[in-house]
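Asker: predicted model follows, preceded by the sequence.
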Amino acid sequence: MHDISAPAVHHHAPPTSFIRKHVFSLDHKVIGKQYYALALVAALCGMVLSWMMRIHLAWTNAAIPGLQLLSPNGAPGGVMTPEYYLQLMTMHGTIMVFFVLTTAPFAAFGNFFLPIQVGAEDMPFPRFNMMSFWVTFTAFVVLMASFFVSDGPTLGGWTQYAPLNAVGAVGGPGQAMGVILWMTSIALFCIGQLLGSLNFITTTLDLRVKGMSLMRLPLSAWAWFITSCMGLTAFSVLMPACILVILDHVAGTSFFVPSGLVMNDQLLPHSGGSTLLWQHLFWFFGHPEVYIAIVPGIGIVSHILITNMRRPMLSQRVLIYSMGALAILSYMVYGHHMFVSGMNPISSLAFSFPTLVITIPATIIVLIQVFSLYGSNLRINSASLFALGFISMFVSGGVSGFFLAQPSIDIMLHGTYFVVGHFHMVMGVAAMFGIFAGTYFWFPKMAGRMMNETLGKIHFWLSFVGAYCIFMPFHYLGMAGNVRRYSTFVDDYLQPLIPVHRWITVAALITGAAQLVFVYNLIHSRFWGKPAPDNPWEGTSLEWSTATPPPFDNFGGKHPVVYHDPFQYGVKSSAGDYVMQTSPEQVATEHEEK
Amino acid sequence: MATTVHEPPRIDPERLPEKTHSGNGGGGNFIPADDDLHVTEDYSPPPSSTAIWVVLFAVTMMFAAFTSALVVRKGSSQDWQSFTLPPILYLNTLILLLSSVTLEVARRRVSAFMRGVTSRAEHPARWLYITLFLGLLFVSGQYVAWTQLRAQGLYLATNPSSSFFYVLTVTHAVHVVGGLGGLLYVIRKLSNSSLRRNALVATARYWHFMGGLWVYLILLLWFKV
């Protein structure tokens, strides 16, 4: 026996075959790009679905060319049935929440940059990392496969409430095989994210190079670490919930279907299940999921703003603690999604209080960002514009959260477009802006080429104005009593609101088309963009210390040593107004983190 | 005005990079990796040590979800019918706990060998094989318990109590099978002299956790089912 106590240091040889290099790669950078590509495809699918829904809402009887090919029964002649509208809505929400908002800011950027930012050559468990992506990819394929089963995907919404999620075909189109595929897909997705979280946590805690204390981690790394801790807790609960629903379908158990339930004139054979049980299990995951989507964005845009402000945030430490507080509190507030479930008013109060409390760390984060910006000479580029857009969307969407946190108001607004506007702005568009900001900022390091700044700014302004044109009117619709999840508005009190829906639809089509500018910029720059220098933004964190694009082992067979806090700007050094974390140069600055 | 430069970690001065590169503010100030891997090793625990706690946390959350589901489901309706647990489960419990003892013996013998206390491994593999056998015996015993319940007419969908019994015991058994895979990995590594202490420690922690989890589950089932 020899070397029995040899320490576990990960090494794997550079791949030589195409398959190992680009498909089943163990390299965290390739896996990060794969996650990004998956998120991009998913985002385009989700966007097309939203276009179809919006067209139907504005012009109910309009035929959408080609839709009948996707589902002859769901859209005969290209005009979608109410059930098919709900099916598209479910798939839009599921794709966006899981495969875009979770995948891109956390799994894609985190995979690529977390190991580099801590100075590691890779994740500690690269095979698990590879499995993480391919399991997630399989989950996406399984979900999309539900478009092609006989009665299409499930129509139960991305929350998949019980008992509709467990009654089978009697519940409507997609409620049999569609639900099973949905649950299988999400259970697989959970496994993928758990494997990813395992790698993220161990990378952050165990693979930091010498000198890289936890407080010297950049804010983006902190955000990915906190998100991975949230994901570990949340996905561990969602997966068993999905398993129980699948058993209700295929094994005849009664976890979620109550006794004596009659649906479509049929008495269902289940007995005694709890419909609220699903809501508890789902929202224990579901609310933290909101923060799983947004916390990476907070870290990413903070990182970007600091780099472009050329000075650190007012307090990096408070920002980190606030992100941590968001993570912890996110598990205490989930009941606010259930105010209308008939819960005890005292329980409502118990969930309402932490819901209001969670606005404190969120407000602290925004205030730190805004006051740090005050008086700064911000470099205006696509990344910093989208970072500013992130703050704008987060604040605009967050303000409506104050209303919804109060049970008495939420009961009135819960089933309306007000909620749709709220979560689209605070969670959807804000997170998307974080993804765009990260893309413009890190694309040079990921692809070795610069993106076109002019196209980036056009993309920003069209998206920024477009997003407000789409989602601010949602709040007005909600306050006017416009119920959500209806495919047509035939009631007298809703018909006057149809022009507003048409305005939103036109804005959605234009804003969606503007994303093609981004896709063009991304693809064109990937192949024909200007070659990127190693440190185009004069950044200080470790990813800017290495070559562009980084070599296979990230630092060319060497380990960096860290001497500084992550954002040393506004100093006088031999490099200019900044000093990199790896520079042993001693500098003086006013920005010391106590 | 204050300096931001914290006291850097202790580094062999001869290994410090020469201050020849300042054009990008410090990029390239690296130390060779080949002979200096201990730079990271000394600084942090091995990843497998952290990873096993992460895994155990995820497993804990999963069974916490099942437990809360059981409690809510039992309290929400009148259709819950209790049944007597198959007696073989108690024997299985003893077997799983005994396997933890044998694995601990194996772990200590290997550790003693690593520290140089003993000149040879004193057959740690034998104890690992015994643990493996006991683990397989436990899973087989669980299968016997399921067949006994089936013979009584208690299937997965018969009653919510039997549903939870099967869900909890099967999920636990799947995790035990994962632990058996870990044991096989350790035995294979031990046989070709490439076993790392961390792998053994992580496997042992997982296995002991499975024993503790089973004690929790059988108490839960005894009280609730």
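Answerer: Structure's in. What do you need? Numbers count the residues shown, from 1 in each chain, chains lettered A, B, ... in the order given.

Asker: quick one: the lengthiest helix in chain B to chain centroid distance?
Answerer: Secondary structure of chain B per DSSP state H: the longest helix is helix B:160-191. Here helix B:160-191 shows a centroid-to-chain-centroid distance of 10 Å under the convention Cα atoms, centre = their mean, to the nearest Å.

Asker: so where is the chain shaky, pLDDT-wise?
Answerer: No chain specified, so I'll use chain A. A:1-12, A:588-594 (pLDDT under 70).

Asker: please refer instead to chain B.
Answerer: Scanning chain B for pLDDT under 70 picks out B:1-45, B:116-123.

Asker: sketch out the strands for it, chain order is fine.
Answerer: Assigned by DSSP state E, the strands in chain B fall at B:2-3, B:30-32.

Asker: with chain A instead?
Answerer: Under DSSP E, chain A gives strands at A:262-263, A:266-267, A:558-560, A:568-573, A:576-579, A:588-589.

Asker: list the strands paired with the first one, with their directions.
Answerer: Just to be clear, that refers to strand A:262-263. strand A:266-267 (antiparallel) (DSSP bridges).

Asker: before we move on, what about the fifth one?
Answerer: Strands that pair with strand A:576-579, judged by DSSP bridges, come out as strand A:568-573 (antiparallel).

Asker: now the strand it pairs with, how far from the centre of its chain.
Answerer: The answer for strand A:568-573 is 34 Å, by Cα atoms, centre = their mean.

Asker: and stretch A:263-282, by the same measure?
Answerer: Worked out by Cα atoms, centre = their mean, stretch A:263-282 lies 30 Å from the chain centre.

Asker: wait, does the lengthiest helix in chain A contact chain B?
Answerer: The residue-count maximum for a helix in chain A (DSSP H) belongs to helix A:275-309. Yes - contact of helix A:275-309 with chain B (Cβ under 8 Å from any Cβ of the partner chain) involves A:Leu276, A:Leu277, A:His280, A:Leu281, A:Phe284. The way it works is simple: take the backbone N, C-alpha and C, and place the C-beta from them, glycine included.

Asker: the second one contacts A:Ser254, doesn't it?
Answerer: No - because the distance of 10.9 Å does not satisfy Cβ atoms under 8 Å, A:Leu277 is recorded as not touching A:Ser254.

Asker: comparing these two, which residue is more hemmed in?
Answerer: The residue with more neighbours, out of A:Leu277 and A:Ser254, is A:Ser254; 26 against 21, by other Cβ atoms under 10 Å in any protein chain shown.

Asker: any idea how far the more buried one is from A:Ala162?
Answerer: Distance of A:Ser254 to A:Ala162, computed by Cβ to Cβ, to the nearest Å: 11 Å.

Asker: same check on A:Ile498?
Answerer: From A:Ile498 across to A:Ala162, the span is 33 Å (Cβ to Cβ).

Asker: more crowded one of these two?
Answerer: A:Ala162 (26 against 16).

Asker: that one contacts A:Leu281, correct?
Answerer: No - under the criterion of Cβ under 8 Å, A:Ala162 makes no contact with A:Leu281, lying 9.6 Å away.

Asker: next, give phi and psi for the residue in chain A that chain B sits nearest to.
Answerer: Across chain A, the shortest distance to chain B (Cβ to the nearest Cβ) belongs to A:Ser583, at 2.4 Å. Main-chain torsions, A:Ser583, degrees, to the nearest 10: phi -80, psi 130.

Asker: what number of residues lie near it?
Answerer: When neighbours are defined as other Cβ under 10 Å, A:Ser583 has 30 of them.

Asker: isn't B:Trp127 right up against B:Val101?
Answerer: No - look at B:Trp127 against B:Val101 with Cβ under 8 Å: they stay out of range, at 9.5 Å.

Asker: and these two? Which one has more around it.
Answerer: Taking neighbours as other Cβ under 10 Å, B:Trp127 and B:Val101 compare with B:Trp127 leading, 20 against 15.

Asker: could you find the closest non-adjacent residue to the more buried one?
Answerer: Counting by Cβ to Cβ, 6 or more residues apart in numbering or on different chains, B:Trp127 lies nearest to B:Ala106, which is 3.6 Å off, once chain neighbours are set aside.

Asker: dump the residue contacts of the one you found.
Answerer: B:Ala106 is in contact with B:Pro124, B:Ala125, B:Trp127, B:Leu128, B:Thr131, B:Leu200, counting by Cβ atoms under 8 Å, 6 or more residues apart in numbering or on different chains.

Asker: highest neighbour count among these?
Answerer: Neighbour max across these (other Cβ under 10 Å) = B:Thr131, 28 neighbours.

Asker: for the stretch 101-250 of chain A, which residues are neighbours of chain B?
Answerer: A:119-121, A:124-125, A:194, A:197-198, A:201-203, A:205-211, A:232-233, A:236-237, A:239-241, A:243-244, A:247.

Asker: burial count for A:Phe525?
Answerer: Residue A:525: Ser, not Phe. By the criterion of other Cβ under 10 Å, A:Ser525 has 21 neighbours.

Asker: ok, now which ones touch the spatially closest residue to it that is not a sequence neighbour?
Answerer: For A:Ser525, ignoring the flanking residues on the chain, the nearest one in space by Cβ to Cβ, 6+ apart is A:Met451 at 4.4 Å. Going by Cβ under 8 Å, 6+ apart, A:Met451 touches A:Ser382, A:Thr439, A:Tyr440, A:Phe443, A:Pro444, A:Asn521, A:Leu522, A:Ser525, A:Gly529.
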